[in-house]
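1. After the sequence you'll find the predicted model.
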Amino acid sequence: MVETATIHVNFARPVPLFPLRSVVMLPHAMAPMHIFERRYRQLMQQVLDGPGLLALAVLAEREDELVDAVGEPPVRPVVCLGRVAQHEQLADGRYNVLVQGVCRARIRREIPPEGDRLYRMALLQPLEASSAPEEAEVRRLRRRLRRKLSQPPLTQLALAQGVCSYLESEEKPVEVALELMGMSIAQDAHRRYELLAEPDPRKRARIIEDELDDLRALLRKAAPQLGADDAPKGVVWN
């Protein structure tokens with residue numbers, strides 16, 4: 001058994017596998033989803049009848065073209081284990097759900113559809129760093145992130161003030177700030193999967209810092225041409 005926050009995950013039991021075409025979920029982040037395919041409506045029913053967990057996988061790529069989502073397309077090996085935080089079943093059987101990321105995991109074995117079950121399942125193993133950062137490393141990381149977000153033009157980002165306030169409290173895990181920043185800043189699916197597949201928070205922090213540097217350069221270059229309502233795609237102004 002592995003405990004993630006207040007959620008207990010039994011990795012000895014398979015979980016439903018839900019492949020996504022372009023969305024890469026990260027732990028602690030939340031995302032709305034609309035479930036309409038028959039097999040995934042069935043999947044959602046089992047999830048809601050059980051502990052509420054599902055493996056949010058990312059469709060694999062073949063050469064330069066994304067594989068077809070019909071049938072059982074291959075998925076990338078690292079998934080975000082998620083839980084259904086809210087749900088609404090519509091009259092025609094579709095679902096609107098709000099899913100929260102729980103933790104990183106690696107697929108040990110896929111279990112194909114069988115009998116009346118129309119969807120795949122997977123046995124997972126937790127994906128964790130080999131060693132935790134020391135307190136001094138965490139303090140330095142907090143300072144670096146706060147310093148970057150406190151400098152124009154990144155101060156214009158909607159997330160900047162909230163993340164800086166969060167990082168001021170040493171009781172709050174810096175890993176949560178990294179995940180939420182990753183969902184907000186890393187708009188490219190490849191980059192976000194890189195964050196998902198990296199178990200070491202120190203390496204994830206370097207990716208986030210690189211993204212912040214790139215975003216700062218973009219905003220500085222675009223500033224003379226932008227008005228208040230003209231933020232680059234993926235960026236939210238205050």
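-> Received it, and whenever you're ready, just let me know what you need. Residues are numbered from 1 along each chain as shown.

2. Give me the most central residue, this protein.
-> residue 26 (1.7 Å; CA atoms, centre = their mean).

3. which residues sit in contact with it?
-> 80, 101, 179, 182-183, 192, 195-196 (CB atoms under 8 Å, 6 or more residues apart in numbering). Backbone N, C-alpha and C define where each C-beta goes, glycine included.

4. any idea which of these has the most stuff around it?
-> residue 80 (29 neighbours; other CB atoms under 10 Å).

5. give me the element that residue is part of.
-> Using DSSP states H and E, residue 80 sits within strand 78-89.

6. Filter the contacts of residue 26 down to the ones in helices?
-> Using DSSP state H, the subset of these located in helices is 179, 182-183, 192, 195-196.

7. what's the closest of the residues you listed to residue 90?
-> Distance to residue 90 across those (CB to CB) is lowest for residue 183, with 26.5 Å.

8. ok so, going back, any chance of JSON lines for the contacts of residue 26, columns pLDDT and distance to residue 165?
-> Output for the contacts of residue 26, formatted as JSON lines (pLDDT from 0 to 100; distance: CB to CB, whole Å):
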{"residue": "80", "pLDDT": "98", "distance to residue 165": "26"}
{"residue": "101", "pLDDT": "96", "distance to residue 165": "22"}
{"residue": "179", "pLDDT": "94", "distance to residue 165": "17"}
{"residue": "182", "pLDDT": "93", "distance to residue 165": "18"}
{"residue": "183", "pLDDT": "91", "distance to residue 165": "18"}
{"residue": "192", "pLDDT": "94", "distance to residue 165": "24"}
{"residue": "195", "pLDDT": "97", "distance to residue 165": "22"}
{"residue": "196", "pLDDT": "97", "distance to residue 165": "26"}
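
9. residue ranges for the helices of the chain, please.
-> 38-49, 135-149, 158-168, 174-185, 189-197, 201-222.

10. Find me the pLDDT at residue 225, would you?
-> The model reports residue 225 with a pLDDT of 65.

11. again, but for residue 72
-> At residue 72, pLDDT is 79.

12. Next, work out how far apart it and residue 18 are.
-> Separation of residue 72 from residue 18 (CB to CB, to the nearest Å) stands at 13 Å.

13. which intervals of the protein have sub-threshold pLDDT?
-> 1-6, 62-71, 225-238 (pLDDT under 70).

14. Give me the domain ranges for the protein.
-> What automatic domain parsing lists as the domains of the chain is 2-126, 135-225.

15. hang on, the earlier thing: enumerate every residue touching the residue nearest to the residue nearest to the centre of the chain when sequence neighbours are not counted.
-> Nearest residue to residue 26, sequence neighbours excluded (CB to CB, 6 or more residues apart in numbering): residue 179, at 4.6 Å. The contact partners of residue 179, by CB under 8 Å, 6+ apart, come to 26-29, 101.

16. coming back round to it: between the ones in helices among the contacts of residue 26, which is closest to residue 151?
-> Distance ranking of the ones in helices among the contacts of residue 26 against residue 151, using CB to CB, places residue 182 first at 19.7 Å.

17. right, and the closest one touches residue 209 too?
-> No. Using CB atoms under 8 Å, residue 182 is not in contact with residue 209, being 11.4 Å away.

18. do you know how far the closest residue in space to residue 30 that isn't next to it in sequence is from residue 50?
-> Leaving out its chain neighbours, the residue that sits closest to residue 30 by CB to CB, 6+ apart is residue 100, at 4.8 Å. For residue 100, the distance to residue 50 (CB to CB) stands at 16 Å.
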